[in-house]
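> Sequence first, predicted model second:
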Amino acid sequence: MAQVELREVVKAYGSVVAVDHVSLTAGDGEFVALVGPSGCGKTTTLNLVAGLIELTDGDIYIGDRLVNDLDPKDRDVAMVFQNYALYPNKTVFHNLAFPLKMRKFPRAEAEKKVKAAAKLLDIEHLLDRRPRELSGGQQQRVALGRALVRDPRVFLMDEPLSNLDAKLRVQMRAELKRFHQDLTATVIYVTHDQLEAMTMADKMAVMSGGVLQQYDSPERVFAQPVNTFVAGFVGSPAMNLLQARIVTDGNGAAAQGEGWSCPLSAMNARRAQRSSTSEVVVGARHSTIEVHTDGRPGAVPGRIYTVEPTGDITYAHVWLGATIVVVSVAPGLRLAPDDPVWIDFDQAKLHLFDGRTEQALAPDP
Amino acid sequence: MFPAVVFLMPLFIMMRFFYLVNTHTSLILTYLTFGLPLSIWLLKGFYDNIPIELEQAARIDGATRFQAFVRVIMPLSAPGIIATAIYSFITAWNEYVYALTFLNDDSKLTLPVGLQRFFTEYATNWPGLMAASFIMSVPVVALFLVLQKYFVRALTEGAVKS
């Protein structure tokens, strides 16, 4: 096991910069998720760590070794691909044995390692089959097994769960997390699904447009997003982000949007002062907003757009002026479209972002 | 594809310059050169259908680029290689114009040219011609029968990405 360090890693294809000065360290034994929308550079970053593509600039260290110029086979990493990339003409046994064969392991030892990996992943009964005779979940286990037999220092995974059906995905997520805990391996895991990253990772690296936005534990990324992109990307339903302008009058400060106005607590008013302009973005997660069917001081009037009952929770979409805000309410509350309602924001859990730079405005220390 | 006769004169002059007229080498070189573009195009179609992740997986598993190609990719592209080989073989087998121009000795003639010799100035040796035609087609038909499914794949799979 080893730590993986990326220092100012850049990958450019001509004038297009796919990975823009990314620096992060995945500690020994940590599970690091690279998350972001399609095209954000996460798979490119993974391929750079694997050695499948060459760096334009920057350094990559695996353990304490600088690996910039090393071939993939010399970096001692193992990779699990999104579409598994199993060798179609070989049996499962030979798929698992191939990495050992390439490293000239003696046959008896290779066989032992293959059987051990197969046992761990519960695929012993499939050793004589070919990949095309396996189900998706079984193929994925074989792909994992092929990575496992080599006992590498780092596991790289490129969206391994994307090709599985929803139910299997949930099951494999738990298994992968368990797998990581049992092995204490260093894992770098690429996904576009923020839920996968949140549930499985020790640390999340959120990327967008080739730039690393935030690298922290899932809890902190969720609770303290550094900018509007991270705020809107992590968490489902997404955080409500509302454009507003800060106005101050005799009663204190308020955030005023298009057709709505919400008073701010003294602390939030001080926060808003730190913005570079009077334009701010107000962020509130669905669970920190309350819906009332009668008016009360400090609440913002709105109108129900639609209601989504999911069984455990009901999501109410509410018009606040010209914007829609998603609020989670208890299933018991009876709401119909066009009902007038009053929205109460939890001031302590409110997020504020600079309207121009989109950076988070920190609360008082 | 150019009509063969367009390059006839320049190529003959080139072969004369290299003292290759009336040798089989001249034909070998010519057929290689003309077969290459089509073979490359057909093979590329086959290789495009093999996912790159297989090569990447092999490289991560410990293979050099070359080993990854030989051990993993080539076995998968065997149908494509066979199909391309058949196509090249048939093209060379039937080629007449260059064989006629570059070869003089009776002992060196290829089959298409030799077959033409059965038509003499005043008469035609029909029985001989029929026998020779039959013999000329046997290897091709046999090869085709054995490998026909790969040949069909060459025309469909190679040209169109699945």
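Now that the structure is in, tell me what you want to look at.
> alpha carbons only for contacts and neighbour counts from here, please
Fine.
> For B:Tyr98, the count of nearby residues, please.
By other C-alpha atoms under 10 Å in any protein chain shown, the residues close to B:Tyr98 number 19.
> Report the contact partners of it.
B:4, B:8, B:27 (C-alpha atoms under 8 Å, 6 or more residues apart in numbering or on different chains).
> which of those are buried?
Buried by 16 or more other C-alpha atoms under 10 Å in any protein chain shown: B:Leu27, out of the contacts of B:Tyr98.
> Going along the chain, name the strands of the stretch 101-250 of chain A.
Listed in chain order, the strands of the stretch 101-250 of chain A (DSSP state E, counting those that start in this stretch) span A:154-158, A:186-191, A:203-208, A:211-216, A:240-249.
> what's the span of stretch A:117-134 from first residue to last?
Start-to-end span of stretch A:117-134 (C-alpha to C-alpha, to the nearest Å) is 17 Å.
> now swap in stretch A:119-133 and tell me
OK, stretch A:119-133 end separation, C-alpha to C-alpha: 19 Å.
> Just give me how far the lengthiest helix in chain B sits from the chain centre.
Ranked by residue count under DSSP state H, the longest helix found in chain B is helix B:126-156. Distance, stretch centre to chain centre, for helix B:126-156: 14 Å (C-alpha atoms, centre = their mean, to the nearest Å).
> State the mean pLDDT of that helix.
The average of the pLDDT scores along helix B:126-156 is 83.
> And it, what does it pack against?
Secondary-structure packing of helix B:126-156 (3 or more C-alpha pairs under 8 Å, 6 or more residues apart in numbering or on different chains; DSSP states H and E): helix B:78-94, helix B:111-116.
> Tell me which of those helices lies nearest to chain A.
Evaluated with C-alpha to the nearest C-alpha, the helices and strands packed on helix B:126-156 place helix B:78-94 nearest to chain A, the distance being 11.5 Å.
> Who are the packing partners of the closest one?
The contact analysis (3+ C-alpha pairs under 8 Å, 6+ apart) places helix B:78-94 against helix B:24-48, helix B:111-116, helix B:126-156.
> Near the nearest residue to A:Leu195 once chain neighbours are set aside, how many residues? Count them for me, please.
Distances taken as C-alpha to C-alpha, 6 or more residues apart in numbering or on different chains put A:Gly235 closest to A:Leu195, at 7.3 Å, once the chain neighbours are dropped. Look at A:Gly235: counted by other C-alpha under 10 Å, it has 17 neighbours.
> any idea how far A:Gly235 is from chain B?
With distances taken as C-alpha to the nearest C-alpha, to the nearest Å, A:Gly235 is found 31 Å from chain B.
> Please, where are all the strands along the stretch 251-365 of chain A?
For the stretch 251-365 of chain A, applying DSSP E, counting those that start in this stretch gives strands covering A:252-257, A:260-263, A:279-284, A:289-292, A:300-309, A:314-320, A:323-329, A:340-345, A:351-354.
> what angle sits between the fifth one and strand A:323-329?
Relative orientation of strand A:300-309 with respect to strand A:323-329: 60 degrees, computed using axes from the mean of the first three to the mean of the last three C-alpha atoms, to 10 degrees.
> about what we covered before: using JSON lines, lay out the strands of the stretch 251-365 of chain A together with distance to chain B and mean pLDDT.
JSON lines is the format used below for the strands of the stretch 251-365 of chain A (distance: least, C-alpha to the nearest C-alpha, whole Å; pLDDT from 0 to 100):
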{"stretch": "strand A:252-257", "distance to chain B": "49", "mean pLDDT": "86"}
{"stretch": "strand A:260-263", "distance to chain B": "52", "mean pLDDT": "89"}
{"stretch": "strand A:279-284", "distance to chain B": "41", "mean pLDDT": "92"}
{"stretch": "strand A:289-292", "distance to chain B": "46", "mean pLDDT": "90"}
{"stretch": "strand A:300-309", "distance to chain B": "41", "mean pLDDT": "91"}
{"stretch": "strand A:314-320", "distance to chain B": "41", "mean pLDDT": "92"}
{"stretch": "strand A:323-329", "distance to chain B": "41", "mean pLDDT": "92"}
{"stretch": "strand A:340-345", "distance to chain B": "49", "mean pLDDT": "91"}
{"stretch": "strand A:351-354", "distance to chain B": "41", "mean pLDDT": "92"}
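> Reformat those strands as JSON lines; add mean neighbour count.
What follows is the strands of the stretch 251-365 of chain A, written out as JSON lines (neighbours: other C-alpha atoms under 10 Å in any protein chain shown):
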{"stretch": "strand A:252-257", "mean neighbour count": "20"}
{"stretch": "strand A:260-263", "mean neighbour count": "19"}
{"stretch": "strand A:279-284", "mean neighbour count": "24"}
{"stretch": "strand A:289-292", "mean neighbour count": "19"}
{"stretch": "strand A:300-309", "mean neighbour count": "19"}
{"stretch": "strand A:314-320", "mean neighbour count": "22"}
{"stretch": "strand A:323-329", "mean neighbour count": "21"}
{"stretch": "strand A:340-345", "mean neighbour count": "21"}
{"stretch": "strand A:351-354", "mean neighbour count": "26"}
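> Those strands: which one's closest to B:Leu143?
strand A:300-309 (66.4 Å; C-alpha to C-alpha).
> What are the buried residues along stretch B:17-35?
For stretch B:17-35, the neighbour count (16+ other C-alpha under 10 Å) marks B:20-24, B:26-27, B:30-31, B:34-35 as buried.
> again, but for stretch A:209-227
A:209-218, A:221-222, A:224-227.
> What are the contacting residues of that stretch?
Contacts for stretch A:209-227 (C-alpha under 8 Å, 6+ apart): A:17-24, A:39-42, A:197-198, A:201-207, A:230-231, A:234-235, A:353, A:358-360.
> re earlier: so of the helices and strands packed on helix B:126-156, which one's packed in deepest?
helix B:78-94 (a mean of 19; mean count of other C-alpha atoms under 10 Å in any protein chain shown).
> next one: that helix to chain centre, how far?
Using C-alpha atoms, centre = their mean, the offset of helix B:78-94 from its chain centre is 5 Å.
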